[in-house]
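Student: For reference, the sequence and a predicted model appear below.
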2 protein chains.
Amino acid sequence: MTQTQSSLLTVVIGASGLALLFAIFLARWVMARSRGTPEMQKISDAIQQGAEAFLARQYKTIALLSVVVAALLGVGYGFFRNTTANDPVQDPRSFALYVTVSFLLGALSSGIAGYVGMWVSIRTNIRVAAAAMNSLNDALQTALRGGAVSGIFTVAMSLLGVGGLFAVVSALAPSGMDAAEWSKHVPFLIVGYGFGASFVALFAQLGGGIYTKAADVGADLVGKVEAGIPEDDPRNPAVIADLVGDNVGDCAGRGADLFESTAAENIGAMILGVLLYKSFGINGILFPLVIMALGLICSIVGVMVVRTREDADPMKALNAGYYVTAALVTAVFFFASRTLLQVADAPQAWWHFFFCGLIGIGTSIAFVFITQYYTEYRYRPVLGIAEASQTGPATNIIAGIAVGMESTVLPVITIGIAIVSSYTLGHTSGLVNDAGESIGGLFGTAVATMGMLGSAGYILAMDVFGPITDNAGGIVEMSRQPESVREKTDRLDSVGNTTKALTKGYAIGSAALAAFLLFSAYLDEVRNLTGQTLHVDLSKPVVFVAGLLGAMLVFWFSSLAMTAVRRAASSVITEVRRQFKERPGIMQGTEVPDYAACVDIVTIGALKAMVAPGALVVLFPIIVGLVFKRFTASGPLIGAESVAALLMVGTIAGILMAGFLNNGGGAWDNAKKYIESGHLKDDQGNVLGKGSDAHAAAVVGDNAKKYIETGAYGGKRSEAHKAAVVGDTVGDPFKDTAGPSLHVLVKLLSTITLVLAPLFI
Amino acid sequence: MTQTQSSLLTVVIGASGLALLFAIFLARWVMARSRGTPEMQKISDAIQQGAEAFLARQYKTIALLSVVVAALLGVGYGFFRNTTANDPVQDPRSFALYVTVSFLLGALSSGIAGYVGMWVSIRTNIRVAAAAMNSLNDALQTALRGGAVSGIFTVAMSLLGVGGLFAVVSALAPSGMDAAEWSKHVPFLIVGYGFGASFVALFAQLGGGIYTKAADVGADLVGKVEAGIPEDDPRNPAVIADLVGDNVGDCAGRGADLFESTAAENIGAMILGVLLYKSFGINGILFPLVIMALGLICSIVGVMVVRTREDADPMKALNAGYYVTAALVTAVFFFASRTLLQVADAPQAWWHFFFCGLIGIGTSIAFVFITQYYTEYRYRPVLGIAEASQTGPATNIIAGIAVGMESTVLPVITIGIAIVSSYTLGHTSGLVNDAGESIGGLFGTAVATMGMLGSAGYILAMDVFGPITDNAGGIVEMSRQPESVREKTDRLDSVGNTTKALTKGYAIGSAALAAFLLFSAYLDEVRNLTGQTLHVDLSKPVVFVAGLLGAMLVFWFSSLAMTAVRRAASSVITEVRRQFKERPGIMQGTEVPDYAACVDIVTIGALKAMVAPGALVVLFPIIVGLVFKRFTASGPLIGAESVAALLMVGTIAGILMAGFLNNGGGAWDNAKKYIESGHLKDDQGNVLGKGSDAHAAAVVGDNAKKYIETGAYGGKRSEAHKAAVVGDTVGDPFKDTAGPSLHVLVKLLSTITLVLAPLFI
């Protein structure tokens, strides 16, 4: 290991270690808080039990699948592949060992990140509920810091994993190769880490997403619609399953999702850094890790500055924390670019890449605004859906689908501008290869991705804030706390809905921006393996067909995910109906429903249902690659080229479909809330500002007496509201199962093709 | 003109002329039939009036837009473009003249084809209604032959247009160029014809599609849902507008759609034929036209053999006609390949291309089966939606969306196999260029497309059959004919729903297969203009962004189309509510509603609403091409390359989205019908076969007394049925506005880029 290398790795590993310690400190801070009343504890214990039982079973399944894949990888690489002169190590057995161990480590780390997220979240929810008995600020800080434990832990784990693996493998240079030369091979040996992480993330997000929405849809349809009891009513046997779902879907699932994003994108950026070795040396390879490590410290500061007044909009406080984080990340970029990327043969380069970082930061802020525009009820899209609800569920659905489709336009334009401008900045940075050709373009897009991911810790904290406050609201509701407490958790819950939508926008934006990074890594790998440059020429019929298949995969997968939710939900409905029928005491409130039975049914249903779509995503690109490599009439590398087309067009379709599903679902949800909130009046009969988030949020829930009869389009219980509930239910699997799973699908396609590239050649 | 050329053109123009004469004969046959009772005539006259008024206004708008585009084309080509050495003619003014005149001719012909389709359909509907008073066979034959007038006329027009234009331009060889050499330039001079045709088709399909579904959704929501009166009830003021919609959307719109398909694909295939001039001479260029011309004769035979027994399933009769047509087209292929494509330097070629034709014919048959599987209620998908309706509209919608998405899988695999295998057959045909490279691959895909389009005349006749029988049913219902007559038109109407779904499957399948043809024509044109071969390399960031924008265009356009329907429908609802309120006599049946007011409102609404999405599709690729050609750092032809990526990825997204929307919509429609039909019993109480189409169809309508209480999931008026009606309504703009407009969008993208290619270089 060289001197620079070890000092940079020290920064990375030091900062990540510090962040881990801080996460532990935060966790202790949260755990030290009050657990509220015994009734609250009873409910919270039931949620804990259900979530832990699901995760235990889910992880058993995933572990089994991972071991199978690892074995196939090891055998395939070690015994069935001919070594080429360009392989990073010449012994096939040790090549296999590197790939397999990286894969298993990635899978394991991803599992740990998801588990920790869930562990903290199921313990924070009750503390937020208890804090709400005290003050809004208390509840807000508890929820955000609980979320931050998960956010910071996840990103730190990812960095320690990639950085540590890099450090270890760097130390294992084969005899006769100098450290600098060897460090160029290392990123290719640890790509398995990203594949392992996204493999686990896919099943975690898919299983969790099916679980949460099957429970939610099932509980709503049989509770709200059939039995006419409010949401989160303790008489509903599926209510605990619904609350468990928030933890296993939103916390564990999203944690695994962002874990693999940072892992895969770090490795992709490092591979691009190898290309610039001549100019930047090891600095270029480790630059992404340094940015992420320092960004983590920025996120910690952002989390700690968040506080709110009792009568203020809590969203403003969270936004303030985000802007602090973004400003600090900007400073980090300036400092890191200037220090690491200032070189004599390209004196312009450092500030070109600094601007690329700014583009990434700007892109994430743009996504925040765009997502808010499409999913908040202050703006035209949600108001349009609410208006369309007046003519019934059909027009509500048409309007929501139209909004979802339209909502892809601005993000795509934003991403397009970000990719083209960061590429151009990189291209004109003055970096050239031996032939004098400009080679910095792709590194520019990589740096923009880093700019976007620099604040990942804070974003993830905001995201986990969502399910925590959702659960806190459920606990408060079920334990029948006084009005004033409910009002606080309802406000936080409404803010949590917004933060969840924002994170999805952020996740898909970063996936889109990073897509290029991972494609390039794949193309580089093919070049490394074959010595030939791969062009992905869509005008070849075979390549076009592969692209068509990639886009079709996105439609097929979405269909399977939504069908899985519908099937699992219908088994919940059957169970709840059975309990209501066999035990009439439940509806009268004299008998406690059998919550555990519902939890069990959803657990089994979700686990069974996640296998088919998951297997499809893993097997499909492999099959296409193996079949298409036979069409040699279309070119010597046709297998690799076809897989690249599948990956790229599949990514395009996945980005658009995920945007459509996420934003459509979010808009439906908030259109329903808008109608529920009605035109508000205060106790003296003065009309309160209809557009105000805080006020609208204050009445969400079952707080019906505050609504006036002539609320927006009739308020709750109106026909328009019924129509809006239909839209909201349709939106559930859109925004919380299929949409988020597509983020992972897009990245899994990249990592699987990266790891299996040797197969397709 | 050479000898072969003129004799082949004689075949083409002769066969097309013969077909035109036959269409006139058929039209006279239909017109000679009875127009039924005076009540029927009153209704039919109102429909005629409304349809003609709409088309007159729509065509005025379209004519205006076309003249603007033609002027821009003429000025752009004639004055703002530098002539290159590779231009087909050297004088820019005469180049401009060729392009502009072709464009206007294409636009005009498309308009005529749409008008004739509508003209015949609004006159056939009443004759079918009257024939149903006589016998099922009479009604079936009248409807199919009415449809055939439109189908045969449209395809013949397209052939006469392309063939005639080719003949005229061929005769205009500049002095000093021999006829054979000149004939290689001619296809590039007449590409404007395809653009003109697809330009008009886009607005015709879009305006008609918005009209028909705004009227349908509006009439249903306010009539069936609010006022509780049956479909097609004369008390509903929007009922005439609804019936008009079938004619202007399904007849005029689809006619224009298939007109431009055959025109654009013929020209694309001719351009590919130019590439093989060395081997095939003029035969290769004119082969597509010969196939289409002889295919037209096959379609005529197919139409004439259709007849049914009174108690048989009419769908079987229509299928029989289709199989006769397909068998005859197969024979034509054998004969034409052997005669025109048998050459000494590639003795294998003729049968290779014959097999390509078989692949095309097989693909269209496969599409028939796949579409039936996803949209008929004998199979799992529709049954699943019906089952999901038991838990309300939300699960019905989720199920329908999942079915729609899943329904893209088999068509994509079929298309993939067709493209790859026909390409391979062409590639191995033995045709080589001067450098000895195999060049027949793309011509293989072109011939497969021809195989699919060979039966276009028959398919279009089946399609127009749909709206004719739909209208006939409406006339019978509104004029309160006896049960036995209604039963016949209901059976035909149900078959018409199936044929409409089939045509959409066929249209999207042929669009997908032909996409490659048109891409290649574009790439050829770029090569002709610049002398360089264009590769569409998605791994360039700029090109990837252009592809992303292409896919986004599909989502944006779909959103606009669906929003347009929703807006126009809500103005219908307001008008109908106003009439019901101000004139209470309407509901009591003592006062005639003001049908014309509704017709006027939908007309204005649809025309206004079609402009934005139409303009988007036309302007978007132009803007991308002009902006992206500035990114010269990414390659010398980056403008043309970006536009190609937009076109190709946009086509992929368009094919998938159209399949999703068409099949999802069709499945919802039939799930509703399945529930409506209940478990049937006959008068003696015997249960009739539930799966039988004819019997299920027999009770669709408002024939409620025949339904038993415990029909499928409760039958009509059950909660499940209400849920299914929601799905059906959502499906309306899916399957009849956005979906079919996407077929045209895909082809318009191809023709616009083909015509404007010189701009992007």
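Tutor: Thanks, I have it. Numbers count the residues shown, from 1 in each chain, chains lettered A, B, ... in the order given.
Student: which bits of the stretch 601-750 of chain A sit near chain B?
Tutor: Applying Cβ under 8 Å from any Cβ of the partner chain, we find that the stretch 601-750 of chain A lies next to chain B at A:631, A:633, A:644-645, A:648-649, A:652-653, A:655-656, A:660, A:725-726, A:729-730, A:733. The way it works is simple: take the backbone N, C-alpha and C, and place the C-beta from them, glycine included.
Student: Closest one of the residues you listed to A:Gly207?
Tutor: Minimum distance to A:Gly207 across those is 13.7 Å, recorded for A:Pro733 (Cβ to Cβ).
Student: residues touching the closest one, list them.
Tutor: The contact partners of A:Pro733, by Cβ atoms under 8 Å, 6 or more residues apart in numbering or on different chains, come to A:Lys213, A:Val217, A:Ala561, A:Met562, A:Val565, A:Arg566, A:Gly665, B:Ile398.
Student: Which two of those have the greatest separation?
Tutor: Once Cβ to Cβ is applied, these give A:Arg566 and A:Gly665 as the farthest pair, at 14.8 Å.
Student: Between those two, tell me which one has more neighbours.
Tutor: Using other Cβ atoms under 10 Å in any protein chain shown as the criterion, A:Arg566 and A:Gly665 rank with A:Gly665 on top: 28 against 25.
Student: Which helix or which strand is home to the more buried one?
Tutor: helix A:638-677 (DSSP states H and E).
Student: Next to chain B, which bits of the stretch 101-250 of chain A? Give me the list.
Tutor: Residues of the stretch 101-250 of chain A lying near chain B (Cβ under 8 Å from any Cβ): A:Val217, A:Leu221, A:Val225.
Student: For the closest residue to A:His743 other than its chain neighbours, grab the count of nearby residues.
Tutor: Distances taken as Cβ to Cβ, 6 or more residues apart in numbering or on different chains place A:Ala507 nearest to A:His743, at 4.9 Å, with adjacent residues excluded. A total of 28 residues lie near A:Ala507 under the criterion other Cβ under 10 Å.
Student: And stretch A:454-471, how far out from the chain middle?
Tutor: On the basis of Cα atoms, centre = their mean, to the nearest Å, stretch A:454-471 sits 10 Å off its chain's mean C-alpha point.
Student: and the helix holding A:Gly665 with helix B:638-677, angle?
Tutor: 60 degrees (axes from the mean of the first three to the mean of the last three Cα atoms, to 10 degrees).
Student: returning to what we had before: from the residues of the stretch 601-750 of chain A next to chain B, which two are the most distant?
Tutor: Farthest pair in these (Cβ to Cβ) is A:Ala633 and A:Val725. Separation: 56.0 Å.
Student: ok, those two, which is more surrounded?
Tutor: More crowded of A:Ala633 and A:Val725, by other Cβ under 10 Å: A:Val725, with 25 against 13.
Student: Determine the longest helix present in chain A.
Tutor: Ranked by residue count under DSSP state H, the longest helix found in chain A is helix A:483-530.
Student: just checking, next helix/strand downstream of it?
Tutor: Using DSSP H and E, the next helix or strand after helix A:483-530 towards the C-terminus is helix A:541-582.
Student: gap between that following helix and the chain center?
Tutor: That offset, for helix A:541-582, works out to 20 Å (Cα atoms, centre = their mean).
Student: Pull the number of nearby residues for A:Leu296.
Tutor: A:Leu296 has 29 nearby residues by other Cβ under 10 Å.
Student: ok, for it, nearest residue in space, not its chain neighbours?
Tutor: Using Cβ to Cβ, 6+ apart, the closest residue to A:Leu296 is A:Ala19 (4.5 Å).
Student: Spit out the contact partners of that neighbour.
Tutor: A:Ala19 neighbours (Cβ under 8 Å, 6+ apart): A:Ile152, A:Val155, A:Ala156, A:Ala293, A:Leu296, A:Ile297, A:Ile300, A:Gly457.
Student: how about 10 Å then?
Tutor: Residues in contact with A:Ala19 (Cβ atoms under 10 Å, 6 or more residues apart in numbering or on different chains) are A:152-153, A:155-157, A:159-160, A:293, A:295-297, A:299-300, A:457.
Student: picking that back up, would you turn the residues of the stretch 101-250 of chain A next to chain B into a markdown table with distance to B:Val536?
Tutor: Shown next, in a markdown table, are those (distance: Cβ to Cβ, whole Å):
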| residue | distance to B:Val536 |
| --- | --- |
| A:Val217 | 43 |
| A:Leu221 | 48 |
| A:Val225 | 50 |
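Student: Narrow the residues you listed to those that are buried.
Tutor: For those, a neighbour count by 16 or more other Cβ atoms under 10 Å in any protein chain shown gives the buried set as A:Val217, A:Leu221.
Student: Give me the subset of the residues of the stretch 101-250 of chain A next to chain B lying in helices.
Tutor: Checking these against DSSP H, those in helices are A:Val217.
Student: Rank the residues of the stretch 101-250 of chain A next to chain B by pLDDT and give me only the lowest.
Tutor: Lowest pLDDT within these is found at A:Val225 (71).
Student: Let me see the confidence value for the nearest residue to that one once chain neighbours are set aside.
Tutor: Excluding the flanking residues, the one nearest A:Val225 by Cβ to Cβ, 6+ apart is B:Gly392, at 6.2 Å. pLDDT, B:Gly392: 82.
Student: How about A:Gly701?
Tutor: 27.
Student: what do you get for A:Asp537?
Tutor: 93.
Student: which residues touch it?
Tutor: Going by Cβ under 10 Å, 6+ apart, A:Asp537 touches A:543-544, A:634-635, A:641, A:644-645, B:534-539.
Student: got these as a markdown table, with distance to A:Lys608 columns?
Tutor: Output for the contacts of A:Asp537, formatted as a markdown table (distance: Cβ to Cβ, whole Å):
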| residue | distance to A:Lys608 |
| --- | --- |
| A:Val543 | 36 |
| A:Phe544 | 36 |
| A:Ser634 | 40 |
| A:Gly635 | 42 |
| A:Glu641 | 37 |
| A:Ala644 | 34 |
| A:Ala645 | 33 |
| B:Leu534 | 49 |
| B:His535 | 46 |
| B:Val536 | 42 |
| B:Asp537 | 43 |
| B:Leu538 | 37 |
| B:Ser539 | 39 |
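Student: Which residue comes closest to the residue in the stretch 151-300 of chain A positioned nearest to chain B once chain neighbours are left out?
Tutor: For the stretch 151-300 of chain A and chain B, the shortest gap (Cβ to the nearest Cβ) falls at A:Leu221, measuring 5.5 Å. Once flanking residues are discounted, A:Leu221 sits nearest to B:Thr391: 5.5 Å by Cβ to Cβ, 6+ apart.
Student: how much space between the one you found and B:Ser677?
Tutor: 20 Å (Cβ to Cβ, to the nearest Å).
Student: How about A:Glu641?
Tutor: A:Glu641 is 51 Å from B:Ser677, by Cβ to Cβ.
Student: what about those two, which has more around it?
Tutor: Neighbour count, other Cβ under 10 Å: between A:Glu641 and B:Ser677, A:Glu641 has more, with 29 against 26.
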